[in-house]
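**Q** Here's my sequence, what's the structure:
(3 chains)
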Amino acid sequence: MNALLAIMQRDLLMVMRRKSEVLTALFFFVIVSSLFPLGIGPEPALLRKIAPGVLWVGALLATMLGLQRMFAADYADGTLEQMAISPTPLVVLVLGKVAAHWLVSGLPLVLIAPVLGIQFDLDASALGVLVLALLLGTPLLSLIGAIGAALTLGVRGGGVLLSLLVLPLYVPALIFGAGAVESHVSGLGAGGHLSLLAALLTLALFFAPWAATAALRIALE
Amino acid sequence: MNWNSASEFFAMGGYALYVWGSFGVCALAFVAEPFLIGRRHKDIVRTLRRQVLAEKLELENK
Amino acid sequence: MSNRLMNWFKFASPATFYPLAGKLIPLFWVLTVLFGAAGLWLSFFVAPTDATQGEGYRIIFIHVPTSWMSMFIYLIMAGWAAMGLSLNARLSSMMAQALAPTGALMAFLSLWTGAFWGKPMWGTWWVWDARLTSELILFFLYLGFMSLQASIDDPRRADKAGAIVALVGVVNVPIIYFSVKWWNTLHQGASVSINKSPSMAMTMLWGMLLMALCLWMYSIVMALTRVRAIILERESHTEWVKQLSEVKP
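**A** Numbering: from 1, shown residues only, chains lettered A, B, ... in the order given. Okay, the predicted model is just below:
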């Protein structure tokens, strides 16, 4: 537990020294979400309909922007190797890094989503569901993304390759996350979608760090 | 038998484009794939033959 | 261990598998042609015309088998990759590498034939049907596997990284399929299916089965021929390769 917190603290410190990285993903989310109404038209009914999907895709892409950051710097300067041979299990350290990544890349998206939701004329309860769905979904995105980030460490064309690997795996999160808001708006209730999202998150919490650790060891060989 | 004549067969009751578009592309793919693998095999064999020959000549010249 | 078990493990070496594969390929070509002839005959000359879809429904005899094969090959590929990862066996990883392009092709053909079936039946080239959408994502998973392996220079690292991708994919394919099905029913999209009488159903089932067997045999041929090329490429420094009759000067 100490090691987990220590690594989280370390990663957060490192990010704080380069605040621009944090803000880039956030601004990307804001800008992309604003582009869709500009491209599609200002009609409120239409915007309300596309809002969940657009905001979720924006969150997805914004998360992906920051994925490479998870392991790349440590891999480059040899810290990752040290982590691999340290007495603390690598899984714990990976979990810590994913948590730090989420705090920096995922949580801000959750917090700013209501503001963007207002741009799309979503009502208060729908915004609540949106925030809850993103709260469950963004950690899921960070966890799955960690696997992709670990696999593409130091590989040519890493960024685009990472997208190709990770986006298909993001589809269930997208479907249930956006679907939660949509079904709430249409009166069917978001319970089912949110439960499934929570189930996926639990699954990912157990398996993703393990898969990412295996991928890291392969990259370090 | 479903077809009274060859032209009926090729016409596929009006669906010719779709049926032959499907089966045709698949047939194309199933010809192209073995061909490409065969070419890959020939390429590597050619490279290996050159390599082995080069090694042999190097040995003889020593 | 009994002698027979020892004998099988001997083929885990590229050097012994290479000639074995070479001998097996003609056999599987024959099976491919036999099943293909039977399947096509059933598809075009035995199966009657459909009441609603006319002759257009015959696409099912190539669409469904390609879909089945794309999923089946993915499972087999992941299995070989897992074996290569856990047993540290080069040849198993090479088999996974050999299967991927054929699987991707099957997925692509499934999408293509699905589109060509959808156009006359539903008026559009693409339908966000649960199965077609899942097939599309499966295609992306194949592409991801192949791209990752192509991007990593060290072959053993490529093998192992690919194995992780394949295994993560295998776990995710049911999840993705289920989520897409859920999404599709909520949005009440069209479904690629067909109404049939019981007798027609038997003929259709046999047609699809025979075509699927044909494609299975074909896939085995492709995997064996491709793995032979891969073996030569990756084992080029070994003595046994240099001594091969096709290579020796």
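**Q** need the next SSE after the least confident helix or strand in chain B by mean pLDDT, C-terminal direction.
**A** The weakest-scoring helix or strand in chain B, judged by mean pLDDT, DSSP states H and E, is helix B:6-11 (a mean of 80). Downstream of helix B:6-11, the first helix or strand assigned by DSSP states H and E is helix B:16-61.
**Q** Just the mean pLDDT for that following helix, thanks.
**A** Regarding helix B:16-61, the rounded mean pLDDT is 93.
**Q** for it, the distance to its chain's centre please.
**A** On the basis of Cα atoms, centre = their mean, to the nearest Å, helix B:16-61 sits 8 Å off its chain's mean C-alpha point.
**Q** Write out the residues of chain A neighbouring chain C.
**A** Within reach of chain C by Cβ under 8 Å from any Cβ of the partner chain, chain A has these residues: A:147, A:151-152, A:155-158, A:161, A:164-165, A:167-169, A:171-172, A:175-176, A:179, A:182-183, A:196, A:200, A:207, A:211, A:214-215, A:218-219, A:221. C-beta coordinates here come from the backbone N, C-alpha and C atoms, glycine included.
**Q** Let me know the distance separating C:Arg157 from chain B.
**A** For C:Arg157, the distance to chain B (Cβ to the nearest Cβ, to the nearest Å) stands at 21 Å.
**Q** which non-adjacent residue is nearest that residue?
**A** Spatial nearest neighbour of C:Arg157, chain neighbours left out: A:Ile218 (6.0 Å); criterion: Cβ to Cβ, 6 or more residues apart in numbering or on different chains.
**Q** Just the buried residues of the helix or strand harbouring that neighbour, please?
**A** A:Ile218 belongs to helix A:191-220 when assigned by DSSP H and E. By neighbour count on 16 or more other Cβ atoms under 10 Å in any protein chain shown, the buried set for helix A:191-220 is A:193-194, A:196-197, A:200-201, A:204, A:208-209, A:211-216, A:218-220.
**Q** Residues touching stretch A:29-36, excluding its own?
**A** Here stretch A:29-36 makes contact (Cβ atoms under 8 Å, 6 or more residues apart in numbering or on different chains) with A:50, A:54-55, A:57-59, A:61-62, A:109, A:112, A:116, A:119-120.
**Q** As a check, name the ranges of all helices in the chain.
**A** Picking chain A for this. A:2-16, A:19-40, A:44-65, A:69-77, A:79-85, A:90-101, A:107-119, A:124-151, A:158-185, A:191-220 (DSSP state H).
**Q** not quite, I wanted chain C
**A** Assigned by DSSP H, chain C shows helices spanning C:3-9, C:14-41, C:60-86, C:90-122, C:130-151, C:155-186, C:198-234, C:239-242.
**Q** how about the second one against chain B, any contact?
**A** Spelled out, it's helix C:14-41. No - figure legend: helix C:14-41 not in contact with chain B (Cβ under 8 Å from any Cβ); closest approach 8.5 Å.
**Q** just checking, what packs against that helix?
**A** Under the contact criterion of 3 or more Cβ pairs under 8 Å, 6 or more residues apart in numbering or on different chains; DSSP states H and E, helix C:14-41 touches helix C:90-122, helix C:198-234.
**Q** tell me the mean pLDDT over the longest one?
**A** Taken as a whole, helix C:198-234 carries a mean pLDDT of 91.
**Q** Quick check: buried residues in it?
**A** Under the neighbour-count criterion of 16+ other Cβ under 10 Å, helix C:198-234 has C:200, C:203-204, C:206-234 buried.
**Q** cool, and the shortest one?
**A** Along helix C:90-122, these residues count as buried under the neighbour rule (16+ other Cβ under 10 Å): C:90-121.
**Q** So which elements touch it?
**A** By 3+ Cβ pairs under 8 Å, 6+ apart, helix C:90-122 packs against helix B:16-61, helix C:14-41, helix C:60-86, helix C:130-151, helix C:155-186, helix C:198-234.
**Q** Make a markdown table from those and add distance to A:Arg17 to it.
**A** Below are the helices and strands packed on helix C:90-122 laid out as a markdown table (distance: least, Cβ to Cβ, whole Å):
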| stretch | distance to A:Arg17 |
| --- | --- |
| helix B:16-61 | 49 |
| helix C:14-41 | 50 |
| helix C:60-86 | 37 |
| helix C:130-151 | 30 |
| helix C:155-186 | 31 |
| helix C:198-234 | 44 |
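**Q** among these, which is nearest B:Ser5?
**A** helix B:16-61 (14.0 Å; Cβ to Cβ).
**Q** And the residue in chain A positioned nearest to chain B, how close does it get to A:Ala146?
**A** Across chain A, the shortest distance to chain B (Cβ to the nearest Cβ) belongs to A:Arg156, at 21.8 Å. To A:Ala146, A:Arg156 is 20 Å away according to Cβ to Cβ, to the nearest Å.
**Q** Kindly report the same for B:Asp43.
**A** To A:Ala146, B:Asp43 is 39 Å away according to Cβ to Cβ.
**Q** and if you look at A:Ser183?
**A** Using Cβ to Cβ, one gets 29 Å for the distance from A:Ser183 to A:Ala146.
**Q** Looking at those two, which is more packed in?
**A** A:Ala146 (28 against 20; other Cβ atoms under 10 Å in any protein chain shown).
**Q** Might one say that the more buried one is in contact with A:Gly96?
**A** No - using Cβ atoms under 8 Å, A:Ala146 makes no contact with A:Gly96, being 11.1 Å away.
**Q** Quick check, the residue in chain B closest to chain A?
**A** Counting by Cβ to the nearest Cβ, chain B gets nearest chain A through B:Arg40, at 21.8 Å.
**Q** how many neighbours does the closest residue to C:Gly162 other than its chain neighbours have?
**A** The spatial neighbour of C:Gly162 that comes closest, neighbours along the chain excluded (Cβ to Cβ, 6+ apart), is C:Gln149 at 4.7 Å. Using other Cβ under 10 Å, C:Gln149 is surrounded by 20 other residues.
**Q** Also A:Ser142?
**A** If you count neighbours by other Cβ under 10 Å, A:Ser142 ends up with 27.
**Q** which residue packs closest to it, ignoring adjacent ones?
**A** Leaving out its chain neighbours, the residue that sits closest to A:Ser142 by Cβ to Cβ, 6+ apart is A:Trp102, at 4.3 Å.
**Q** Which pLDDT value goes with the one you found?
**A** Looking at A:Trp102, the pLDDT reads 93.
**Q** Now do the nearest residue to A:Leu4 once chain neighbours are set aside against A:Leu12, distance only.
**A** Leaving aside its sequence neighbours, A:Leu4 sits nearest to A:Gly96 (Cβ to Cβ, 6+ apart; 4.5 Å). For A:Gly96, the distance to A:Leu12 (Cβ to Cβ) stands at 10 Å.
**Q** In contact with the residue nearest to A:Leu4, which residues?
**A** By Cβ under 8 Å, 6+ apart, the residues touching A:Gly96 are A:Ala3, A:Leu4, A:Leu5, A:Ala6, A:Ile7, A:Met8, A:Asp11.
**Q** Quick one, which of those are buried?
**A** With burial judged by 16+ other Cβ under 10 Å, the buried subset of the contacts of A:Gly96 is A:Ala3, A:Leu4, A:Ile7, A:Met8, A:Asp11.
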